[in-house]
Each structure stands twice: as structure tokens, then as C-alpha cells.
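Q: Need coordinates for the following:
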Amino acid sequence: TCVDDERGSVIWQRQLGLVCQGQPVPLPADRGPPLWLALDQGGSLFALDPNALTPRRGAQWVPGRLEPIAGPLAPNPRVPTAFLTQDGKSWLAVSCPGGGATLVIRHVMAARGRAAEVAEREVQLRETIAGPPALMNGRILVPLADGALSAVPLGGGPVSEGPDWRSPRLGRETEGYVLGLGDRLITCDGGRGLSVWDWPIGKAWSMAPPGIEPPALELPGRIVAPPLALPGPTPRFAVADDTGGLSIIEMKPDGALIVQDRVDLGAAATSPPFLAETPAGPRVGVVVARSRLAWVNPGGEPPAWYFLPLGIEGGEVVPADQGKASVEWEHATRNDSPILGVPSVVGGVVVVVDQSGRYTGLSLRTGREEGAGHSLRGSIAPASGAVPFQPGRLLAPLTDGTLMLLDEGKVHPDGRALPPPRELLD
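A: Residues are numbered from 1 along each chain as shown. Just a heads-up that it's a prediction; the model follows:
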């Protein structure tokens, strides 16, 4: 059901059977707005077209049916399907159905006529996977339950066996995290340790820097989420640990790891850190203690210019502090309701969705609430975070299979009115 949340009237209804698992991701189309890829509770893959889900003027229903572009897969409670992209123009939906040793790779690309096409293949692994897969220079990296790492070439070919990621002190139940940075990869050993490996395509892997024993770096606490690559000319990434810290780590040319900065989040991260592009530069969002969003400036390269601070005599020149990482603001949900999905940056605000059914817009600069917000009524609840879908509308999947279109004015300071539905363009 698509309802007008201002007037309460039904715009259109159809049987979807689509309860989103995870958050929809955008697939650029050959023309017009992007399609949105959504995974349902049975593992089927759908491509949602904002143009096709807009009723014609005066209509209350959208004709036709929503058909999956790829069929169902058995769920994997330990490692859900991962959406990976190298260039933002296509997506890889990577699954290990039923917790087995078969990797299903679905390469989703835009086709002519605002459609999506899927190329699917299966790869047999030596073991089941023990953590989320990651991309590295034309390969899918897969941590295995036996502690080894495998690399699956995107263009086909045999699976390559890599180094051991797991600490010998830990068992099969340990979750593994990996990050690809060019021809190098970072592995987390299941505890506090990080290691760097050189692994060019078609060549043997080796430890970096040469001659050291893993781990190359140990953090104060156990690593609780996959490392997050940061933009910039120098290879850097962010890592959250169970002491409530977020470490900003730089990788030197020889592969050595240096903790460039570390910020205190106040509690451990309960979902993977995510990257947001803002007018002020990249920011890292981290959900901690399930119900609190920390907004982190990860800093950057040391500034190339200097300034003379007031109050310093003798002409002492010191570097500016723009390169330092810091928590810019925090937001706690009402009644400590858990945050769902990944908060989205939409039209200059951060949109946060929580389990109580509350949709809140936050100022990018201060974290203060903007607009009136929106609260669901009844027994329904959000299934994921909200994403920008149509002009003035957010796509908000619900747990009963409904795809709600929410007025962006609810989460903006000016509370601008929802534009009327547009006719489909031929």
C-alpha cells in the first residue's frame, strides 16, 4: 500500500511480498533516476524503479506486478548477503546460501529501457565463509571458517588460496573481517590484531612489511566490525573496537600501519561504520550501543599551511589542527530505540530510522533534529533505513511488506510540501 502520510488516503496498492532484508542500494540507470536494488526475506532480488512506482495523474493504483530479477536463496544467519561495488555503476550481490560452501555471485548491471540484468554464477569454496566478503582489485575476498582466506576472480577462473586471517588462539566461531586496498589487503585476526599482505593478481602473497610476524598492529580492544576505507591520496581506514574507540589508521608505502588518530565513541559500535559525503568533506557515521549515532570527522592529510595563533609571542608558527579526527556530534534516539539500517544523507540532513517507527532528520553540522519527523502508527515497523527515491520522497520499507513513500518535508527544517505525483514520461 502506498499512502499519502499527510492526508491518510491510499494512493495505490499491490501485493508485493517484499520484506526488505538490509537496505536498498542505488543502481544508475541508462537514463533518469537510479533503480534501487532490494533483497527480500527469501533471498530474491528486486529492482525498484521510481518512475514505474509513480501513479498517473488522478490514479490511485499502479498497474502491473513487481517481478524479481533473481530468484530465492536459502538464508545464511551468520553472514547475510553482501552488496559490493567497485565503481558505483554495477553491484555484486554475494551470498553463501544456507551456510554451505557454495558462493553465489549475482552481478547486477543496468540494461536499456530502465531495466536491470543479472549474470549469476556459483563458485565452490573449500569451506563455508566466516565473515563478510570484500572486493580487492578484481577479486572477491572471502574469509573461511578454517581460518584461511580465498580470492574469487570476478572474471572467472580458479579460486586462489591466500594467507591465514585468524589468530591461532581463536576457534571456528570467530568472525573474520578483510579490506582490500589496491594490491594490498588488511586482515583482522578475530581479536585485536591487524595484518597487511601484498597479493598482486597472478602472484603469490607475502607479508608487509617483509620480515615481520602477524599481527602488524594491535588495537586496545577486539575489533567488532569490518575496516572502512577512507578517501584521500594516502591509504587510510577506520576500525572500531569493543573499548568504544574508533582508530584512524594510515598505511605507509612499505605496508606499515600507523595509528594516525583515535576518537572515543563512549561505547562499542553495534553496526559497521559507514562513510557519508558531505559539503564539509567525508564523515564517518557509527551506531554505538544500538541507539546512538556518533558523527565523526576522520581528519585528513596534515595541512600544508600554517597560522600564527593569538596570544603566542615570539612569532611561533604551529600547524593548524584541521587534520585531527573528532566526534562532531552525537544523537540518541527517543527511549533508546535501536537504530535500523544505515542513516542516509538526503538534501542536507541525516535521516535516522529507529525501531519504534520514528523517522528523524538531523542537521549535518550540529546533529540537531530538523523538521517535525514522522512516527508510524499501529503494529507496523520499519524494515530498514530510508533512502532517497523520488523528488521529495523517501523510500521507507516496512516489516509488513509495504514500501512507504515518506514526504521529505517531514525531516527538513523548512517542512517543504510534498510535490504532487508526476505523470510517467514516455
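Q: tell me the centre residue of this structure?
A: Per Cα atoms, centre = their mean, the C-alpha nearest to the average position across the chain is that of residue 274, at 5.4 Å.
Q: mind checking how far that one is from residue 324?
A: 21 Å (Cβ to Cβ, to the nearest Å). Placement of C-beta: from N, CA and C, glycine included.
Q: and the residue nearest to residue 334 when sequence neighbours are not counted, what does it touch?
A: Once flanking residues are discounted, residue 334 sits nearest to residue 358: 6.4 Å by Cβ to Cβ, 6 or more residues apart in numbering. By Cβ atoms under 8 Å, 6 or more residues apart in numbering, residue 358 lies in contact with 333-334, 337, 373-376.
Q: For the stretch 51-200 of the chain, which segments count as strands?
A: Using DSSP state E, counting those that start in this stretch, the strands of the stretch 51-200 of the chain run over 82-84, 91-95, 102-111, 115-124, 134-136, 139-143, 148-153, 160-164, 177-181, 184-188, 193-198.
Q: so what pLDDT did residue 57 get?
A: On pLDDT, residue 57 comes in at 63.
Q: Next step: the contacts of residue 358 restricted to strands.
A: 373-375 (DSSP state E).
Q: who wins for neighbours among the residues you listed?
A: residue 374 (21 neighbours; other Cβ atoms under 10 Å).
Q: wait, doesn't that one sit right on residue 410?
A: Yes. With contacts counted by Cβ atoms under 8 Å, residue 374 reaches residue 410, the gap being 4.3 Å.
Q: and for these two, which residues touch both?
A: With Cβ under 8 Å, 6+ apart, residue 374 and residue 410 have common neighbours 5, 359.
Q: The closest residue to residue 149 other than its chain neighbours and residue 123, how far apart?
A: Counting by Cβ to Cβ, 6+ apart, residue 162 is the residue found nearest to residue 149 once chain neighbours are left out, at 3.9 Å. Distance, residue 162 to residue 123, using Cβ to Cβ: 15 Å.
Q: count of residues packed around the residue lying closest to residue 377 once chain neighbours are set aside?
A: Counting by Cβ to Cβ, 6+ apart, residue 377 lies nearest to residue 357, which is 7.7 Å off, once chain neighbours are set aside. Neighbour count for residue 357, taken as other Cβ under 10 Å: 20.
Q: surely residue 357 meets residue 375?
A: Yes. Here residue 357 reaches residue 375: they are 5.6 Å apart, a contact under Cβ under 8 Å.
Q: follow-up on the earlier one: for the residue nearest to the centre of the chain, what are its contacts?
A: Residue 274 touches 228, 284-286, 342-343, counting by Cβ under 8 Å, 6+ apart.
Q: Inside strands: which ones of the residues you listed?
A: Among the contacts of residue 274, the residues falling in strands (DSSP E) are 228, 284-286.
Q: ranking those by neighbours, who comes first?
A: Most surrounded of these: other Cβ under 10 Å gives residue 286, at 27 neighbours.
Q: Show me which helix or strand of this protein is least confident by mean pLDDT.
A: strand 306-307 (a mean of 36; mean pLDDT, DSSP states H and E).
Q: between the contacts of residue 274, which is closest to residue 98?
A: Among the contacts of residue 274, residue 342 lies closest to residue 98 (Cβ to Cβ), at 26.0 Å.
Q: That closest one reaches residue 23, doesn't it?
A: Yes. Taking Cβ under 8 Å as the definition, residue 342 is a contact partner of residue 23 at 5.4 Å.
Q: Now do the shared contacts for these two.
A: residue 385.
Q: which residues sit in contact with residue 76?
A: Residue 76 touches 95-99, counting by Cβ under 8 Å, 6+ apart.
Q: Narrow the residues you listed to just the buried residues.
A: 95-97 (16 or more other Cβ atoms under 10 Å).
Q: and which of those residues is nearest residue 171?
A: The closest of those, once distances to residue 171 are taken by Cβ to Cβ, is residue 96, at 19.2 Å.
Q: Quick check: bridge partners of the residue nearest to that closest one when sequence neighbours are not counted?
A: Of all residues not flanking residue 96 in the chain, residue 129 sits nearest, at 4.8 Å (Cβ to Cβ, 6+ apart). On the basis of DSSP bridges, residue 129 takes part in beta bridges with residue 144.
Q: And residue 129, how far from residue 223?
A: From residue 129 over to residue 223 (counting by Cβ to Cβ), the distance is 18 Å.
Q: try residue 155
A: 31 Å.
Q: How about residue 138?
A: 26 Å.
Q: what do you get for residue 44?
A: From residue 44 to residue 223 the distance is 33 Å (Cβ to Cβ).
Q: quick one on the thing from earlier: okay, the contacts of residue 76 in TSV with distance to residue 30 next?
A: Shown next, in TSV, are these (distance: Cβ to Cβ, whole Å):
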residue	distance to residue 30
95	27
96	32
97	31
98	35
99	37
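Q: Kindly reformat those residues as TSV containing pLDDT and distance to residue 117.
A: Output for the contacts of residue 76, formatted as TSV (pLDDT from 0 to 100; distance: Cβ to Cβ, whole Å):
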residue	pLDDT	distance to residue 117
95	95	18
96	94	23
97	93	21
98	89	26
99	84	29
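Q: counting contacts, what elements does whichever helix or strand residue 370 is part of pack onto?
A: Element membership for residue 370, per DSSP states H and E: strand 369-375. On a contact count with 3 or more Cβ pairs under 8 Å, 6 or more residues apart in numbering; DSSP states H and E, strand 369-375 meets strand 358-363.
Q: partners of the strand it packs on in the sheet?
A: strand 349-353 (antiparallel), strand 369-375 (antiparallel).
Q: Out of those strands, which one sits most buried?
A: Comparing those by mean neighbour count (mean count of other Cβ atoms under 10 Å), strand 349-353 comes out on top with a mean of 26.
Q: from the chain's centre, how far out does it sit?
A: 14 Å (Cα atoms, centre = their mean, to the nearest Å).
Q: again, but for stretch 40-59
A: 22 Å.
Q: pretty sure residue 410 belongs to a strand, no?
A: No. Counting by DSSP: H, G, I helix; E, B strand; the rest coil, residue 410 is located in no strand; its state is helix.
Q: ok, it to residue 367 distance?
A: As judged by Cβ to Cβ, residue 410 and residue 367 stand 18 Å apart.
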